[in-house]
Every structure is written in C-alpha cells, then in structure tokens.
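Asks: Kindly generate the corresponding structure for this input.
(2 chains)
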Amino acid sequence: MNGYVALSNWDLAAAAVLLILNAALSLWLQLGLARQLLIAGLRMTIQLLLVGLVLKFLFAVVSPWLTGAAMLFMAAVAGYEVMARQTHGLRGLWRYGLGFSTMMAAAGMVTLAALTVQIQPDPWYDPRYAIPLFGMILGNAMTGIALGLNTLTETVTREKIAIEAQLLLGADRWHAMRPFTRKALTSGFMPIINAMAATGIVSLPGMMTGQILAGVEPTQAVRYQLLIMFLIGGATGLGVLLAVLGGVWRLSDDRHRLRLDRLL
Amino acid sequence: MTIPAARDTSEYTNGAAPPPLLLVEGLGHGHLGPVGLTLAQGECLALHGPSGAGKSVLLRAIVDLDPNQGRVSLAGTHRDATPAPEWRRRVAYLPAEAGWWTPLVRDHFTDPAAATPLLDALGLNPDSLAWPVARLSTGERQRLGLARCLLNNPEVLLLDEPTSALDSDNTSRVESLLQDRLVHGIGIILVTHDALQAKRIANRVVELRGGRLVTADPSQP
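Replies: Numbering: from 1, shown residues only, chains lettered A, B, ... in the order given. Got it, this is the predicted structure:
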C-alpha cells in the first residue's frame, strides 16, 4: 500500500523547466505573460514549501488549538479572496464579514461532522485529517460564495427598476428579490455541479490522483474522493445559501426597501 | 412626535373634521423637504418643477421606498402602523419607467383575467398579455404599468409623468380613466410638465422648488 516514489529536488527542477519554457514561448510570441507566469510559479513554490513545513510541524504537535488557529487563518485569507472578487461589495464590516462568517460556518460544520462521524481519526482533531479536509471544503465554498455574492450584487444593481416595481405593487422584499436571488444561487452552485458531473470522465480529481500516486488502492481512493465531493457539495450549498440570503437581507430593510446605498 | 399625534386624534374624534385622505408632515430625504401637504378624497394635485427638483424623491418618500423622516398618514392611519407592502398597495406610486421582472407580460399581473376591462379602457390590445415584454412599445409599457398599478385599487395614486410616452388619443384615455377614479374618491398627485394636462384634471397646482413646496401662481400655468 505505502510504496510511493519519493521525489527529489532534481525531479522538481526538471518539471519546472516546462514553466520556464512556457515563459520563453510567451516572450517569443510577445504575449506579455512571461512575468506574470514566472511570478505566479515562484509564489506557488514558496507558498507550498512553507505550507509543507507548517503542516509537518502541526502534524508533529497534534494540538487542537494550533490546528484551530491554522484553520482560522485559512478562513481569514479565503474571506479576503471573497471580498477581493466583488465588483460592488457591501459597505462596512459586511464587506468582509458576510463571506468570512458564512464560509467559516459552512466549512466548519461540515468538517466537524466528517471528522466525528465518517473519518473518526484518533484524536478527532488530528490535523493530518482536519486541515486538508477543511482546506478542500473551504476552497470550494469560497469559489461558490464569491460567485454567488458577486452575481447577487451585480444583478440587484442592474435590476433596481424591476425589483422596485414589485415592491411598489405590494410584494415583500423576499418575493421582489426572488428571481435575482435564484440567479445568484444558481451561479454559486454551478462550479460544484459542473465538477460533480465531469468528475471521473473529463478529469480525475487531484486528490484521488494524489492518493493513487501515493500507492492507495484505486477503489479506496474513489471512496475518499466521493466522500470529499459530498462534503464539498454540502458545504458549498450551505455556504452559498447563507451568504446569498444574508446578502438579500442586508440589501433590503424591514420597511421592504431596496437598499443599494449599502453597496460600495 | 407624540404631541401632534394626540392633537390630531382629538381633532378627528371631536368630529370637527374627518382626517384628510393623505396627510404629509415634515417629510424629508437628503435635499428634499421638509414637505407638508394634504390631499382630499377625489382631489387631484398637480406637481411641477424643474427636473432634479426632487419630484420623484418626494413621491418615493411618501411610499417609503427610500429611508426618510416625517409623518405620512392615510385617512388618519399612520404609515408606520401599516406594513410597507400593504401601505404601497393603498398608496401606489407609478414611476416614470415601468419595471419588468419576467419575460412574459402576463406574469406581471396577479390576476391577468381581471385586467381585460382596464386594457380595453387604455386602448391596449387584449392579446398583449400573452406577449413577451420585449415586444412592447414604450407607450404600451407605460399603459400596462398603469393598469397593473390600478388593479390593486389604491386609495391614493402618485403618478410620475404617466403620459410622457403617449400620443394625444391615449393621453385622453388615461386622463378619463383617472377622472373616473377621482369621482370614485381616490386622491391623485400628478407630476406633469404639461400645463394643459394639469389644467384638465388637477384641482390644485403646486411647485417643488429647492426641495420645498410652493403654491404655484394661478395666473402662470
């Protein structure tokens, strides 16, 4: 089972030549991508090397507090990403807070359930399981929430007249926003629906590929992948729903007005 | 806030005068106001003023579509005592541009069958309900918007240039429909740039200047 091929630095350097080749190609074709490509590649290398060291340390100490702190840090960065992807974000604390809190709630609950019900490592907070699991769930919830909130704020801004027309005819705020809430939810759910539909035929998921390369039985790797996809689907759905409904609530008030003044 | 409320109530209960249909006191939003006005049953008040004077802002504030300060009451019932959706069914505001939220015209009406007599009175094709919104002309949109709004049987109508996109035939159809409703006791505030239209259906003309209401000079229509 555990017969995996360890990689040397030379193996990695040889693979990195491919990226440099791409950069050279971009220079030759004057695409102007060489700089960006190399910086992104360098950033990835440094980030992953550092993460490797951090994970090695966390896995060695197995502290619930340090594990929790690492997860909080991950969610904080993901919250920033959600915020950065909004063209018309909410004003004030909501701008950061809505994405962060809904992501933390959805990813946190689903990770906790998976650790205590399905995977059951000993101890249950073992960072070897908790951190990669939380990371995968968080990353997908982040994409969904960012898309959902961005669609909501863009659509609501564009459809102000249509929303107010309904409010003026006596609709309440949830009813008036419903067509646009649905649109936002759909765009938030789309990546995970597409990923589930394409998985296994168009692409072999990265995690499953990794496990197979590391010597795990394919059928067992598939089981892990399915578990992860269900967890990701659940957390993304929950997170998108919470974030979009929270957004609708914030963009209207108890006198059933559309409050675009709460957008940047 | 509480003192004028108590005085108002005593006035009404003494039977000295019934409360006006619409009473606006100290209404303000941004550069608008404070504005005060009353509207009686069957009364049509024409409101004019240069663009940007805040006419739409005033009408939006009355239906509570923007946060605002002040008191508005309908037949003695204060706005804050009424849930906002119900308030907007009773005091209806028709913006200059009608909004559409689904592709088919029919889906913008709670009871499409009930709309038929109104469509007829407004000179609209009865089949227009089955059309996609994209097929409607600007004038058809404006009249369908009015029909949709009238189907709620509002007690007060706040109209923002309701005939701006209409030819003279359709304008007089709209005007006679409004006059019919006035006879049945609703109150209308009509924003119009057409002095002749104001003369035809309004009992009073006021002007909004610098965010305040001033009574228009009757010698200058």
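
Asks: Please make it C-alpha for all contacts and neighbour counts, starting now.
Replies: Will do.

Asks: Those residues of chain A touching chain B, which are they?
Replies: For chain A, the contact set with chain B under C-alpha under 8 Å from any C-alpha of the partner chain comprises A:161-172, A:179, A:255-259.

Asks: Give me the buried entries from those.
Replies: A:161-172, A:255-259 (16 or more other C-alpha atoms under 10 Å in any protein chain shown).

Asks: Those residues in helices, which ones?
Replies: A:I161, A:A162, A:I163, A:E164, A:A165, A:Q166, A:L167, A:L168 (DSSP state H).

Asks: From those residues, pick the one nearest chain B.
Replies: For these, the minimum distance to chain B (C-alpha to the nearest C-alpha) is 4.2 Å, reached by A:A162.

Asks: Secondary structure element for the closest residue to that closest one other than its chain neighbours, which one?
Replies: Spatial nearest neighbour of A:A162, chain neighbours left out: B:G99 (4.2 Å); criterion: C-alpha to C-alpha, 6 or more residues apart in numbering or on different chains. Element membership for B:G99, per DSSP states H and E: none, as it lies in no helix or strand.

Asks: how many other residues sit next to B:G99?
Replies: 20 (other C-alpha atoms under 10 Å in any protein chain shown).

Asks: those helices in chain B, which residues are they?
Replies: B:2-13, B:55-62, B:84-90, B:116-121, B:138-150, B:168-183, B:195-201.

Asks: Now do the buried residues in the fifth one.
Replies: Think helix B:138-150. Neighbour-count burial for helix B:138-150 [16+ other C-alpha under 10 Å]: B:G139, B:E140, B:R141, B:Q142, B:R143, B:L144, B:G145, B:L146, B:A147, B:R148, B:C149, B:L150.

Asks: How about the third one: what's its closest non-neighbour residue?
Replies: To tie it back to what came earlier, the one meant is B:R141. B:A98 (6.5 Å).

Asks: Could you do the fourth one as well?
Replies: What sits nearest to B:Q142 in space, not counting adjacent residues and going by C-alpha to C-alpha, 6+ apart, is B:A98, at 6.2 Å.

Asks: There's contact between the one you found and B:G145 in this structure, I believe.
Replies: Yes - taking C-alpha atoms under 8 Å as the definition, B:A98 is a contact partner of B:G145 at 5.5 Å.

Asks: Okay, the residue nearest to A:A162 and B:L146: tell me how far apart.
Replies: Going from B:G99 to B:L146 by C-alpha to C-alpha, to the nearest Å gives 11 Å.

Asks: Run through the bridge partners of B:T215.
Replies: B:V206 (DSSP bridges).

Asks: list the helices and strands the worst-scoring helix or strand of chain A on mean pLDDT packs on?
Replies: When the helices and strands of chain A are compared on mean pLDDT, DSSP states H and E, helix A:206-213 comes out lowest with a mean of 88. In terms of contacts (3 or more C-alpha pairs under 8 Å, 6 or more residues apart in numbering or on different chains; DSSP states H and E), helix A:206-213 is packed against helix A:218-250.

Asks: other SSEs contacting the helix it packs on?
Replies: Helix A:218-250 sits against helix A:93-113, helix A:127-158, helix A:173-198, helix A:206-213, with contacts defined as 3+ C-alpha pairs under 8 Å, 6+ apart.

Asks: any idea of the angle the third one forms with helix A:160-168?
Replies: To tie it back to what came earlier, the one meant is helix A:173-198. 130 degrees (axes from the mean of the first three to the mean of the last three C-alpha atoms, to 10 degrees).

Asks: ok now helix A:173-198, how far from the chain's centre?
Replies: Put simply, helix A:173-198 sits 16 Å off its chain's centre (C-alpha atoms, centre = their mean, to the nearest Å).

Asks: quick one: buried residues of it?
Replies: A:173, A:176-177, A:180-181, A:184-189, A:191-192.

Asks: Determine the set of other helices and strands touching it.
Replies: helix A:127-158, helix A:160-168, helix A:218-250.

Asks: and these as a markdown table, adding mean pLDDT?
Replies: Below are those laid out as a markdown table (pLDDT from 0 to 100):
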| stretch | mean pLDDT |
| --- | --- |
| helix A:127-158 | 95 |
| helix A:160-168 | 97 |
| helix A:218-250 | 94 |
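
Asks: need those helices in JSON lines with distance to B:T116, can you?
Replies: Compiled in JSON lines, those are given as follows (distance: least, C-alpha to C-alpha, whole Å):
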{"stretch": "helix A:127-158", "distance to B:T116": "31"}
{"stretch": "helix A:160-168", "distance to B:T116": "21"}
{"stretch": "helix A:218-250", "distance to B:T116": "35"}
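
Asks: Contact partners for the spatially most central residue of chain B?
Replies: For chain B, the residue nearest the mean C-alpha position is B:L158 (1.0 Å; C-alpha atoms, centre = their mean). Listed by C-alpha atoms under 8 Å, 6 or more residues apart in numbering or on different chains, the contact partners of B:L158 are B:L59, B:V91, B:A92, B:Y93, B:L94, B:I188, B:I189, B:L190, B:V191.
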